[in-house]
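> Please find the sequence and the predicted model below.
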Amino acid sequence: PMTIEEIRQMTREFEEAARRAREAGFDGIEIHMGTGFILSQFLSTFSNKRTDEYGGSVENRARFPIEVIKAVRAKIGPGMAICCKMSGHDFMEGGNTLEDYQKIAPLLEKAGAQALNIAAGWHESAVPVSVAMVPQGGFAYLAEGIKKVVKIPVISGYRIVSPLVAADILNKNQADLIGMARALLCDPDLPNKVKAGMLDEVRPCIACCRCLDTALDDKTAICSSNARLAREQELVITKADKPKKVFIIGGGPGGMEAARVAALRGHQVTLFEKKPVLGGQLKGASMPPYKGEINDLVKYFANQIKKNGVKVRLGVEAGEDVILKEKPDAVIVATGADPIIPNIPGIRGSNVSTAWDVLTGKSAVGSRVIIIGGGLIGCETAEYLLPQGKQITMVEMLEKIGQDIGASYRWLIISRLRKAGVRMEVKAKAEEINEKGVIISRDGAKQVIEGDSVVIAVGQRSNKALAEKLQGKVNNLHVIGDASAPRRIREAVEEGFKVAMDL
């Protein structure tokens, strides 16, 4: 436990931090006393086991946070706002519940807090708060509960990315203000667009948590939807010196972003997509549970390219002859990738499908399914099949399932698969597929995994056929997204943006 002098020292450090914020010109500060940080550790019955004046009763557990509020106010004076961020529920066994925080909130208000920003859980709690499986506005009830016991403004946040959801929370009087973080990383202009009635202009956050994963990896946050994040002054979209005739082949995220930005720069853009709809592999990516918000990104791109005058030719596969005949000034190949079909005996059997064919409804599977490949695609295919009552076995050569999944999401999907009874065979190589299932080998020993259907999810290979045919025949040729190397939405969008900026 901290000594009394250590508590005093930390109080002085809070004071000095507030002083620096004031001198830097900020209008207000937020004192963090939630989600498992030090002040919330004093507030919570989970962690506060002290027997002195800083432990025991609600008043004692709140003593340190209250002392910090008062010390900060004395340091910065009356003209600067003080907000306190506090959890509305710890979601930790033995920790504070909403009812406990309803007793704490009035104490913070009395101490001088001018607003309360209500968080959900601790970082250590096994309750998801920011990923796509959490319903939008799913924690507004915590702010509503705190709002009942205080008179100062209460802020609700966590998984609020839709302006309509935000408005609904306010209209229901669940909160006085809305806190957004990821949604504003995705589109910093969201408030201005909403104020102007331009809801269809808002770039949607798809709750993929790439921003959080990169932050957890101690890197600058990136966004799958917004290539300009953290580089807004560097990456400014300006008109091109000379408009060009630009052909973009492929209507996935990379191709659509390239079309959007190129059109904004004044180029004459035609987008070819061989399928009858835009989106590319985003259609399959949106099919697993909790991934439906990916469709919002497709709608955003489709709206943007239509608004900016891009000619879209759906159901048209632009071949070498068409491109060379129409002589565009620049060609951007965004033809994506195709599933890797490993060289396994029996791979061409009637009981074998690819994960993408299963996710897009092209292939049906039996009741006992063996998924070869335990990465993100394999895991999400398993989740897609589970509600259909399938018995699933995953076969993965690596030591762990889901090694390519970000830290913010991996623990959740793995725990859900385990809870659902998915059998996970790791460090196992698929040696042969037959009508009975799959023969695997591990440490030199072979084993038969029985199943009705086999789904291949071992990765993807770039579709470079068109790019190779055009090489040397088109002066300004660019290959982006999965056509360059199979990766994620973020990389495709970033490369689409960059190539359009370079035209």
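The structure has been received and is ready for your questions.
> list the buried ones in the biggest helix by length in the chain?
With DSSP state H setting the assignment, residue counts place helix 4-23 as the longest helix in the chain. Applying a neighbour-count criterion of 16 or more other C-beta atoms under 10 Å, one finds 7, 10-11, 14-15, 18, 21-22 buried in helix 4-23. Every C-beta, even on glycine, is put in place using the N, C-alpha and C of the backbone.
> any chance you could map the helices in the stretch 101-250 of the chain?
When secondary structure is read from DSSP state H, counting those that start in this stretch, the stretch 101-250 of the chain shows helices at 140-147, 163-171, 182-186, 190-195, 210-216.
> hey, which of these is tucked in deepest?
Comparing the helices of the stretch 101-250 of the chain by mean neighbour count (mean count of other C-beta atoms under 10 Å), helix 140-147 comes out on top with a mean of 23.
> And the contacts of it?
Counting by C-beta atoms under 8 Å, 6 or more residues apart in numbering, helix 140-147 makes contact with 86, 88-89, 98, 101-102, 105, 116, 118, 120, 154-156, 160, 169, 172-176, all of which sit outside it.
> With stretch 496-503 instead?
Outside of stretch 496-503, the residues that reach it under the criterion C-beta under 8 Å, 6+ apart are 227-228, 235, 237, 240, 244, 246, 253-262, 265, 267, 330, 332, 334, 476, 478, 480-481.
> Not counting its neighbours along the chain, what's nearest the residue minimising distance to the centre of the chain?
Nearest residue to the geometric centre of the chain (C-alpha atoms, centre = their mean): C208, 1.6 Å. With sequence-adjacent residues excluded and distances taken as C-beta to C-beta, 6 or more residues apart in numbering, C208 is closest to S224, at 5.0 Å.
> one step back: please identify which of the helices of the stretch 101-250 of the chain is closest to V127.
Shortest distance between V127 and these, using C-beta to C-beta, is found for helix 140-147: 11.8 Å.
> Please compute how far the closest one lies from its chain's middle.
Here the centre of helix 140-147 is set off from its chain's centre by 25 Å, with C-alpha atoms, centre = their mean, to the nearest Å.
> for stretch 227-239, same thing?
Once both centres are worked out by C-alpha atoms, centre = their mean, stretch 227-239 turns out to sit 21 Å from its chain's centre.
> tell me the residue furthest from the middle of this structure?
In the chain, the greatest distance from the average C-alpha position (C-alpha atoms, centre = their mean) is reached by D52, at 43.2 Å.
> Are we agreed that I440 is in a strand?
Yes. I440 sits within a strand when classified using DSSP: H, G, I helix; E, B strand; the rest coil.
> Can you give me the neighbour number for it?
Neighbouring residues of I440 were enumerated by other C-beta atoms under 10 Å; the total is 22.
> Run through the residues that contact the nearest residue to it once chain neighbours are set aside.
Spatial nearest neighbour of I440, excluding adjacent residues (C-beta to C-beta, 6+ apart): A428 at 4.4 Å. Neighbour list for A428: 395-397, 440-442, 447 [criterion: C-beta under 8 Å, 6+ apart].
> and which of those residues is nearest to Y290?
Top of the list for closeness to Y290, among those and by C-beta to C-beta, is E396 at 21.9 Å.
> My guess is that closest one contacts G374. True?
Yes. Distance between E396 and G374: 3.0 Å, which falls inside the contact criterion (C-beta atoms under 8 Å).
> what about the two, which has more around it?
A side-by-side neighbour count of E396 and G374, using other C-beta under 10 Å, places G374 first with 29 against 25.
> Kindly indicate whether that one is helix, strand or coil.
Recorded secondary structure, G374: coil (three-state DSSP).
> Read off the pLDDT value for it.
Looking at G374, its pLDDT stands at 96.
> list the contacts for it?
Taking C-beta under 8 Å, 6+ apart as the contact definition, G374 lies against 394-396, 398, 400-403, 424, 426, 457.
> Rebuild those as a markdown table, extending it with secondary structure and pLDDT.
Rendered in a markdown table, the data for the contacts of G374 read as follows (DSSP: H, G, I helix; E, B strand; the rest coil; pLDDT from 0 to 100):
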| residue | secondary structure | pLDDT |
| --- | --- | --- |
| M394 | strand | 97 |
| V395 | strand | 97 |
| E396 | coil | 96 |
| L398 | coil | 95 |
| K400 | coil | 94 |
| I401 | coil | 96 |
| G402 | coil | 95 |
| Q403 | coil | 93 |
| M424 | strand | 97 |
| V426 | coil | 96 |
| A457 | coil | 96 |
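> wait, which of the residues you listed is closest to I305?
Proximity to I305 was ranked across the contacts of G374 by C-beta to C-beta; first place goes to A457, at 30.8 Å.
> Can you report phi and psi for that closest one?
According to degrees, to the nearest 10, the main-chain angles of A457 amount to phi -140, psi 60.
> how many neighbours does it have?
Taking other C-beta under 10 Å as the neighbour definition, A457 ends up with a count of 28.
> go on, S367?
The number of residues packed around S367, counting by other C-beta under 10 Å, is 11.
> quick one: which of the contacts of A428 is nearest to V194?
Each of the contacts of A428 was scored against V194 by C-beta to C-beta, and E396 proved nearest at 44.1 Å.
> M424: what's it in contact with?
By C-beta under 8 Å, 6+ apart, the residues touching M424 are 374, 393-394, 396, 401, 417-418.
> helix/strand/coil for V454?
Here V454 is strand, with the state taken from three-state DSSP.
> What's the local residue count around it?
Residues lying near V454 (other C-beta under 10 Å) number 26.
> distance of it from I372?
V454 sits 6 Å away from I372, going by C-beta to C-beta, to the nearest Å.
> Identify the contacts common to those two.
Among the neighbours of V454, those also in contact with I372 (C-beta under 8 Å, 6+ apart) are V438.
> Verify the stated contact: Q281 with D482.
Yes. Judged on C-beta under 8 Å, Q281 makes contact with D482 at a distance of 7.3 Å.
> neighbour count winner among those two?
Set side by side, Q281 and D482 show more neighbours around D482, with 27 against 21, by other C-beta under 10 Å.
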